[in-house]
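[1] Everything below, folded, please.
(2 chains)
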Amino acid sequence: MGGFLSYMQQNQAQIFSLTLEHIRLTAISVGIAILIGIPLGILICYIKRLSKPVLGVASVIQAIPSMAMLGFAIPFLGIGTLPAIICVILYSLLPIIKNTATGIESINPQMVEAAHGIGLTRFQVLTKVQIPLALPVIMAGVRISAVTAVGLMTIAAFIGAGGLGYLVFSGIRTVNTNQILAGAIPACILALLIDFLLGLVEKLVTPISLQKTNPRAHRSIQRTRKLQKGILGVFCILLILVFGVNIFSTKQKSAKTITVGSKDFTEQMILSNMVSDYIQNKTDITVHCKENLGGSQVCFSALKSGDIDLYVEYSGTAYADLLKHKPISDVSKVYNTTKNELKSKFDIDTLNQMNFNNTYTVAVKKDTAQKYHLKTLSDLAKVGSQLRIGTTLEFLNREDGLPGLMKKYNFQFAKTTGLDGSPRYVALENRETDVVDAFSTDGLLKKFNLVTLEDDKHFFPPYYAIPLVRGKTLEKYPELSPLLKELGAHLTNSIMQQLNYEVDEQQKKPSDVAHSFLVKEGLINRTAK
Amino acid sequence: MIEFEHVCKKFKGHTVIPDLSFKIEDGDFVAIIGASGCGKTTTLKMINRLISPTSGKILIDGENIAHKDVIALRRNMGYAIQQTGLFPHLTVRKNIEMIPRIQKKDPAEIEKNTQALMKMVGLDPQNFLDRYPKELSGGQQQRVGVARAFATDPKIILMDEPFSALDPITREGLQDKLLDLQAELKKTIVFVTHDMDEAIKLADRIIIMDHGQLVQYDTPENILKNPANEFVAQFVGHKRIWGSPDFIKAEDIMIEHPIGCSPELTLFRCLEQMRNRNVDSLMVVKDGILQGILTAKQALAEPDRSVKARSIMTQNVLHVAPQDTILDVLHLMNENHVSTIPVLDKSHTLMGLITRSSLVATMSSQFFETEAI
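    Numbering: from 1, shown residues only, chains lettered A, B, ... in the order given. Model prediction:
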């Protein structure tokens, strides 16, 4: 608990700005969902045959797992806030449409007929009778949507939308409970707060005469209403300020801007921070960081679409995964093919390889290694049928991952489980698995004190870090190439492992680790941050 | 004037109203009555086009309403239904002022009008205008409903069973109020009800409907007395008229062709006549005009039986007119302790006779199923 509080204190600026971002994204999404949902709900009351298809589609959308929907949106909408907002809008629609329709349909039809009978136009019947009477029910729908949206927006950090989910995701990657809580708790409070505020709105829009109270208590209700209106007013002003702050900060963007992306694990975050810090320090370019963009495909899609200008990829990943070649272990062939094909197919420039090779490796706990006398992968193959492996989903499915490995060394594991990045170490600690895949620079190897097994048959392809830059960006800022070449030269396997360790084990912030490394190596001035 | 010309209404192939034609004159209060499902509400709703006829025409002041602007048409017609018709989320004031406000009338004018309307329906404006319908009793809500129907000062007012959900005492009160209003304002009111007593009490004319057809369209009195057919008779009920004794006239209960004699007839002959016909008095008639009454008592007291009836008959007898009601007759009989009263028209022509025994026979018909009226 003390750790959590001090984490909150140290990172309060970040948590605050992420919370604001979260509120902003949720407000936009729910706002647009209301603008779409209420008219749709009204429409299906008037055109009955639309009712089933519209509600059907909305229900189906809501049944799609949010991760799947976000992943599905990337090819069409790219990454970042836009697809996140659109996905949350889609999820929010059902309760709003449904409650609008229910609210309007449950009004006594005789009264609606009377409204027509005394000479109100259709539109007047809608605005003066139906909507006011249905408003409490509609607001209940909006309330459900908004509370759900706060939660969904957390997941949207998966595609780089930002918000509090960012803390939750990076916390999970780095097994940093405090960070997870720092994201989760404000998100919970936010959800409760929104629920409370919209509850007030719901009460306020319920006509006094329809509230379930003693009619004589109206005066006291009116007094409470004043208070409620006051509270809502204050929060409205705050919301406007949130948007205002955002517009203000947007204005500060200079014309010379690039965006650096990163995948969703520690090393990538250190690298993106380091690259940003370094570029910002050495040039007059303003650098934006979009961290935590899921796996390679998400980053690559973002690079192609221009959502980001630069990220650090690994040569083997680019070769096998992005360009769909069969994994090979020839370092220079991998690099050259990648460089040529990325340029010709996607107009993406591959800069010089950095000095570290974050290839796959396989690790076991020390006692497991002793028990089975494991030193190399060939040793592992002999006893593999007795062991369970818990790997990342990526490793589980890649040609140059588990399937290829088992083929090359000709063995099967007793059980294979796909897990997210960091939880697989926890699973290993809990003895739910025996073997784990790892990256050779992974700081968690150090943290959990694991034994890495030697790839004696040279199965794993090279995974040298290669910065990928959009062709147009490099044309505009040719200085990026020599800069990153210089930076890359400083980064070796052992240095990366150390830096990763500092973040994963010592719970330092990736940006701090990156910055102090740059300073220590004399690449930038201490004061320059 | 509202005219229905061969109006037919079908709902999904099912004919609700086959062929309906009638006229409602300006200033008439017309009740449409019938069993549920007879098409009375459908008929009403066709007047303000909440329902449009499948064929046929509805004319108001000679204009086919199908060609009029529907909103303008409705705003020029009051419409009141059961209490569900008030908007629960609006105060009494806003309910009444809904249409005038939409029409952007002068606020001061609206305010004045609303105050007047509230007083008209017997509600204190100060006390009620800013309350919500839920805070009012059923009767008060209905008064507001009526006020709203009058809010645009329309020529025509449509009412669909406005009082049916109220308790009898409240209903009576509102019916009386509505009668007063109608006497003062002389609107054309079309009033749907299933309550015959209500129709008889309120309406100038009643339309009786059965299976979408107009069975009888007449004044309450004629419907009570001369049901067009067995259906109406059944619907109205034989005993109904006792609820409205005003409609029972002297001519309805009198004995027609009472036993009479000429003024020149001798007492001897007169007594013989009485004995033969088993009566105790004779109407003395000359050329149809009543001259007097000769009772058996008078005749027997006269020793000379050759005297003429003219000389000892009672002249200037108490009499009633054919249009006098049974109440007038009873009143007269009780006050003057007479047992027979002749019914005379203006020229004193003898139309009939009412005796105590004929009254007993008439009145017993409300307890026994005998056709006496």
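
[2] what sits against residue A:387?
    A:368, A:372, A:380, A:413-414, A:434-435 (CB atoms under 8 Å, 6 or more residues apart in numbering or on different chains). From N, CA and C alone the C-beta is placed, and that goes for glycine too.

[3] low pLDDT regions in the chain?
    You didn't say which chain, so I picked chain A. A:1, A:173-174, A:210-219, A:244-255, A:526-529 (pLDDT under 70).

[4] please go with chain B instead
    For chain B, the ranges with pLDDT under 70 are B:83-84, B:238-239, B:242, B:365-373.

[5] In terms of residue numbering, what are the domains of it?
    B:2-247, B:251-364 (automatic domain parsing).

[6] from the middle of its chain, how far away would the longest one be?
    What it means is domain B:2-247. How far domain B:2-247 lies from its chain's middle: 16 Å, per CA atoms, centre = their mean, to the nearest Å.

[7] wait, isn't residue A:347 in contact with residue A:470?
    Yes - taking contacts as CB atoms under 8 Å, residue A:347 lies within contact range of residue A:470: 7.2 Å.

[8] neighbour count winner among those two?
    Taking neighbours as other CB atoms under 10 Å in any protein chain shown, residue A:347 and residue A:470 compare with residue A:470 leading, 21 against 13.

[9] and that one, how far is that from residue A:161?
    21 Å (CB to CB, to the nearest Å).

[10] who's in contact with residue B:261?
    B:269-270, B:273, B:282-285, B:294, B:309.

[11] just checking, residue A:329 is part of a strand?
    No - per DSSP: H, G, I helix; E, B strand; the rest coil, residue A:329 lies outside any strand segment and is coil.

[12] Going through the contacts of residue A:387, which ones are buried?
    A:368, A:372, A:380, A:413, A:434-435 (16 or more other CB atoms under 10 Å in any protein chain shown).

[13] Spell out which residues of chain B are next to chain A.
    Residues of chain B lying near chain A by CB under 8 Å from any CB of the partner chain: B:45, B:48, B:50, B:71-75, B:77-79, B:81-82, B:84-90, B:98-99, B:102, B:132-135, B:148-149, B:152, B:158.

[14] which ones among the residues you listed are found in helices?
    B:45, B:71-75, B:98-99, B:102, B:148-149 (DSSP state H).

[15] And what about residue 37, helix, strand or coil?
    I'll assume chain A. helix.

[16] hm, I was asking about chain B
    Assignment for residue B:37 (three-state DSSP): coil.

[17] circling back to that earlier point, between which two of the ones in helices among the residues of chain B next to chain A is the distance greatest?
    By the measure CB to CB, B:45 and B:102 form the most distant pair in these, at 21.5 Å.

[18] Those two: which has the busier surroundings?
    residue B:45 (20 against 16).

[19] neighbours of residue B:297, just the number please.
    9.

[20] for residue B:37, that is, sorry about that
    12.

[21] ditto for the one 5 residues further on
    The burial metric for residue B:42, expressed as a neighbour count using other CB under 10 Å, is 21.

[22] surely it meets residue B:8?
    No - contact criterion CB under 8 Å: residue B:42 and residue B:8 do not qualify, at 11.1 Å.

[23] shared neighbours of these two, which are they?
    Joint contacts of residue B:42 and residue B:8 (CB under 8 Å, 6+ apart) are residue B:17.

[24] How about the contacts made by residue 334?
    All of this is about chain A. Per CB under 8 Å, 6+ apart, neighbours of residue A:334: A:315-316, A:319, A:328, A:461-462.

[25] still on that earlier bit, cross the contacts of residue B:261 against helices and list the overlap.
    Reading helices off these with DSSP H, I get B:269-270, B:273, B:309.
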